[in-house]
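> Sequence and predicted model, in that order:
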Amino acid sequence: MPSVLAAILVAGALTGLADTVLTLAGSPDPGLVTYKLSYVFGPILLALVWAAPIGAVAAELCRRRTRRVAAVAAGFIQAVWAASLLVDGWRAGQSPFALIVLAGVLGIAAVAFTRLAVDAATWLATRAPAVRAGVTLAAAAALLCGVLAGTPRGTSGFGGGGGPCAGSRTASPRQSVLLITVDALRADVAREMRAYRRLADRGVAFTQHVTASPWTLPSVASLLTGRAPDDHGAGASLSSRSLVLRTPMRRDVPTLAGLLGTHGLRTHAVVTNPFLTARYGIDRGFCTFENVSMESEAARALGQTTLLRLARAFAAGWLPSDRAREIRARAERWLDRHGNRPFFLWLHFLDPHAPYGDRDGASTSLVLDLMAFQHAGATGTPFRGVALARAGEYRPGPEERRRIRALYREDVDSVDREVGALLDWMDARGLTPRTAIVLTADHGEEFWDHGGLEHGRTLYEEVLRVPLVVAAQGQKPATRGDLTTVLDVAPTLLALAGTDPHGLPGADLLDPRAAGTRVLPLGQTLFGEDWSGCRAASWKYARSESGEERVYDLDQDPGERRNVAALAPGWRTGSCPTRPKSGS
């Protein structure tokens, strides 16, 4: 007699292997061995998770009706697997004829898998106890090793932290700090947000605020350390094949969260974007850390598994989402528990980032977009054709460009509503009077200002100019048009909490005696040719890896239409570390 348990486990493993093949076929090469292993072993583990209880229930229900319990249990597991694929095909809009053909193929596969599971269980039952134990241990060890190899840092992609949680010394923070960053938010669009104007009405708005890099990882690392990209080290490419293979932040660079945590603030982050994870050191210094995007990306990566297919069909609302509403909900839950004592909470909203028009976050993937893997239906809504436009394979006309910009504005409006709702929630609970609130962005976004779309390729103002508004208790409303930079944010937040800036190169923007960053080093482009340079109040210098130079007089040419590098060699002197000497 075959072992019922063995038949159930083998049947589950077979469905997992089939799902593994589908997962590998439907996923791009991630360039990381750990991700590849998770594609292989993740579906098998998930299959065993659902197959074991379902098979056990089926076996128990039929135990008194038939002697072929193992076959019934294995067959029921295969039936569930086949049904999930049929439902997925139906939801994808397959024709009745295609569904009939698919049902026939799946029926044959289910019968074959069932027979194989029963035969394997029968063979195992006839072996000596030592052999059975050896086979069982070997299978368990292989699965365990595969899972561990695929997640070498546990669940650090989803979370992280481990910094000081209650302060290592007695301290009396001046006030709590809420840092809100919005991905890919242009400065001109931000000024139209109701939440921005609401904060500016009781704080200071900085209208000439620039960041150091045109994409997330190096820019956010500068925000969280007060250091330029060359100093914190995050974002340099480690592979010409994979965009995700990037250097992390240097471990010897102090972080804003670590300093605030040591000063007595409870620190926490609820962030989105696959680059804002423990892999790159972004969680360093935080007591606790959540990356919501990695949860939704994991659900998409394992989307061709039975559990996820059934969840999409019957419980889509239970699947993780990294949209603004989820970030706000998690922030409110955390503040409910920890808002009664001084805190530093960082929220990062992803919605305006391409793909544009992704209201639910369920149909698109930022990782796949970065890898230029989304082609079918890419130019519809949501608009996933950024990679195609980047490669020159898709050239939208004026009307299509207006549609794409409108989708982006809708994404910004979605964040605006949720940030406004969070501010209302804080007002109702009395948190606002004792919390300094800062709104900014990691970078801006191109919409054919200089012929391109998205960000990460150039150092033009549309990707480097970002919003910054600081609203703190007792602060008089004001608007400042002098140059401020991402390096000034960390010192400002430290001062708001009542701690020392620790020799950071930037300045406390609310201290009239402090001198801000006069020249900001620029660099770390993500796509195409590498560019570096520097930004000052009235000029910008940029140099490509091939030696092309660009100089713009921002007072006379704020749109950066006229490159004066050849006409004004005197501009090539100064403190920009990437500039050649005069006359070279």
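That came through fine. Numbers count the residues shown, from 1 in each chain.
> When you work out contacts or count neighbours from here on, use the C-alpha atoms and nothing else.
Will do.
> Report the contact partners of Trp215.
Taking CA atoms under 8 Å, 6 or more residues apart in numbering, we find Trp215 in contact with 442-443, 455-456, 525-526.
> List just the nearest of these to Arg550.
Proximity of the contacts of Trp215 to Arg550, judged by CA to CA, is greatest for Thr525, which lies at 15.4 Å.
> ok so, going back, using TSV, lay out the contacts of Trp215 together with neighbour count and secondary structure.
Listed next are those as TSV, based on neighbours: other CA atoms under 10 Å; DSSP: H, G, I helix; E, B strand; the rest coil:
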residue	neighbour count	secondary structure
Asp442	31	coil
His443	30	coil
His455	28	coil
Gly456	23	coil
Thr525	22	coil
Leu526	22	coil
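> Using a markdown table, lay out these together with distance to Arg127 and pLDDT.
Converted to a markdown table, the contacts of Trp215 look like this (distance: CA to CA, whole Å; pLDDT from 0 to 100):
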| residue | distance to Arg127 | pLDDT |
| --- | --- | --- |
| Asp442 | 62 | 97 |
| His443 | 63 | 97 |
| His455 | 62 | 91 |
| Gly456 | 60 | 90 |
| Thr525 | 61 | 90 |
| Leu526 | 57 | 88 |
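> Next, format those residues as JSON lines and append distance to Arg309.
Output for the contacts of Trp215, formatted as JSON lines (distance: CA to CA, whole Å):
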{"residue": "Asp442", "distance to Arg309": "35"}
{"residue": "His443", "distance to Arg309": "36"}
{"residue": "His455", "distance to Arg309": "33"}
{"residue": "Gly456", "distance to Arg309": "34"}
{"residue": "Thr525", "distance to Arg309": "37"}
{"residue": "Leu526", "distance to Arg309": "34"}
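> what stretches of the stretch 101-250 of the chain score poorly on pLDDT?
Judged by pLDDT under 70, the stretch 101-250 of the chain has its weakly predicted residues at 143, 146-161, 166-172.
> Can you list the low-confidence ranges for the stretch 401-550 of the chain?
515-517.
> just the helices in it please.
Using DSSP state H, counting those that start in this stretch, the helices assigned to the stretch 401-550 of the chain run over residues 461-464, 489-496.
> Identify the residues contacting the first one?
So the one you mean is helix 461-464. Looking at helix 461-464 with CA under 8 Å, 6+ apart, the contacting residues turn out to be 184, 186-187, 210-214, 443-446, 449, 455-456, 559-560.
> Name the residues of that helix that come out as buried.
Neighbour counts using 16 or more other CA atoms under 10 Å place 461-464 of helix 461-464 among the buried residues.
> Give me the phi and psi for Ser213.
Backbone torsions of Ser213, given as degrees, to the nearest 10, read phi -150, psi 150.
> and it, how many residues sit next to it?
As a burial measure, Ser213 scores 33 neighbours (other CA atoms under 10 Å).
> what does Ala58 give?
Counted by other CA under 10 Å, the residues lying close to Ala58 total 20.
> Name the secondary structure element that contains the spatially closest residue to it that is not a sequence neighbour.
The shortest distance from Ala58 to any non-neighbouring residue, by CA to CA, 6 or more residues apart in numbering, is to Ala73 (5.3 Å). Using DSSP states H and E, the secondary-structure element containing Ala73 is helix 69-91.
> Does Gln304 touch Thr23 like I think?
Yes - Gln304 is in contact with Thr23 according to CA atoms under 8 Å; the separation is 5.4 Å.
> In contact with Tyr196, which residues?
190, 439, 469.
> who does the last one bridge with?
On the basis of DSSP bridges, Val469 is bridged to Ala205, Leu439.
> On the three-state scheme, Val189 is what?
Look at Val189: counting by DSSP: H, G, I helix; E, B strand; the rest coil, its state is helix.
> Check the gap between it and Asp252 for me.
In this structure, Val189 and Asp252 are 36 Å apart, going by CA to CA, to the nearest Å.
> just Val271 next, same as before
With the distance defined as CA to CA, Val271 ends up 23 Å from Asp252.
> who's more crowded, those two?
Under the neighbour definition other CA under 10 Å, Val271 and Asp252 were set side by side, and Val271 has more, 27 against 7.
> Can you name the residues that contact that one?
Contacts for Val271 were tallied using CA under 8 Å, 6+ apart; they are 290-293, 327, 346-349.
> Look up phi and psi at it.
Here is the backbone geometry of Val271 (degrees, to the nearest 10): phi -130, psi 170.
> What is the burial count for Leu504?
Residues contacting Leu504 under the criterion other CA under 10 Å number 16.
> which residues touch the residue nearest to it when sequence neighbours are not counted?
The shortest distance from Leu504 to any non-neighbouring residue, by CA to CA, 6+ apart, is to Gly226 (6.2 Å). Residues counted as contacts of Gly226 (CA under 8 Å, 6+ apart) are 256, 486-491, 504-506.
> Are any of those buried, and if so which?
256, 486-491, 504-506.
> closest to Ser538 among those residues?
For those, the nearest to Ser538 is Val486 (17.0 Å; CA to CA).
> Identify the residues contacting the nearest residue to that closest one once chain neighbours are set aside.
Beyond its immediate neighbours in the sequence, the residue positioned closest to Val486 (CA to CA, 6+ apart) is Thr211, lying 4.9 Å away. Counting by CA under 8 Å, 6+ apart, Thr211 makes contact with 219, 442-443, 464-466, 485-487.
> 6 Å instead, please
Contacts for Thr211 (CA atoms under 6 Å, 6 or more residues apart in numbering) come out as 464, 485-486.
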